[in-house]
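Asker: heads up, no residue letters with this:
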């Protein structure tokens with residue numbers, strides 16, 4: 001549905017946007033505690049080594065660069081089960097002025113479906129990589145997980161904005177067309 005369709009059906013529009021700069025700052029507030037928790041678990045509970053070999057540091061950088069498009073792809077995969085027009089409803093792009101890739105869903109989704117797609121990279125690349133690190137006892141995965149969690153900080157910040165819509169029975173969330181955030185259509 002278009003914005004006009006939502007408004008003519010009696011929905012009210014509420015924009016929830018945040019600047020890219022603010023989202024990056026808030027990453028430390030919304031995702032940072034998860035990174036701290038990982039280090040507490042890694043060092044305090046499992047007492048695993050923290051250091052990286054120099055050769056692993058280069059590998060970490062390469063792996064992290066690979067996770068950037070994977071992060072956006074996971075958003076796209078998260079949107080797919082909930083959109084009517086399949087992959088045609090999902091757009092990938094890059095904001096040159098912020099050196100930021102993005103995945104944009106053109107359809108409105110129920111808030112919980114939107115939340116699922118929003119936090120899928122956080123769960124897979126952040127938490128999943130951490131679990132792999134615990135299983136292999138390889139610090140490279142701890143550091144990759146920490147970077148992935150912080151990279152999902154914009155997503156976790158948007159999730160905080162989304163929380164007030166999660167319990168609304170007649171609400172649709174649509175990615176904002178040009179800003180970091182979303183538009184909520186609420187009845």
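Answerer: Looks like it came in fine. Not measured: the values here are computed from a predicted model.
Asker: residues of the lowest-mean-pLDDT helix or strand in the chain that come out buried?
Answerer: Of all helical and strand segments in the chain, the minimum by mean pLDDT, DSSP states H and E falls on helix 20-30, at a mean of 92. Neighbour-count burial for helix 20-30 flags 20, 23, 24, 26, 27, 30 (criterion: 16 or more other C-beta atoms under 10 Å). For every residue, glycine as well, the C-beta is placed using N, CA and C.
Asker: and after it, which helix or strand comes next?
Answerer: helix 32-39 (DSSP states H and E).
Asker: for that next one, which positions count as buried?
Answerer: 32, 34, 35, 38.
Asker: Give me the distance from the helix ranked longest in the chain to the chain's centre.
Answerer: The single longest helix within the chain, with elements called by DSSP state H, is helix 54-79. Computed by C-alpha atoms, centre = their mean, to the nearest Å, the chain-centroid distance of helix 54-79 equals 13 Å.
Asker: Output the contacting helices and strands for the helix or strand following that helix.
Answerer: Using DSSP H and E, the helix or strand that directly follows helix 54-79 along the chain is strand 90-95. If you count contacts as 3 or more C-beta pairs under 8 Å, 6 or more residues apart in numbering; DSSP states H and E, strand 90-95 packs onto helix 54-79, strand 100-105.
Asker: No further questions, thank you.
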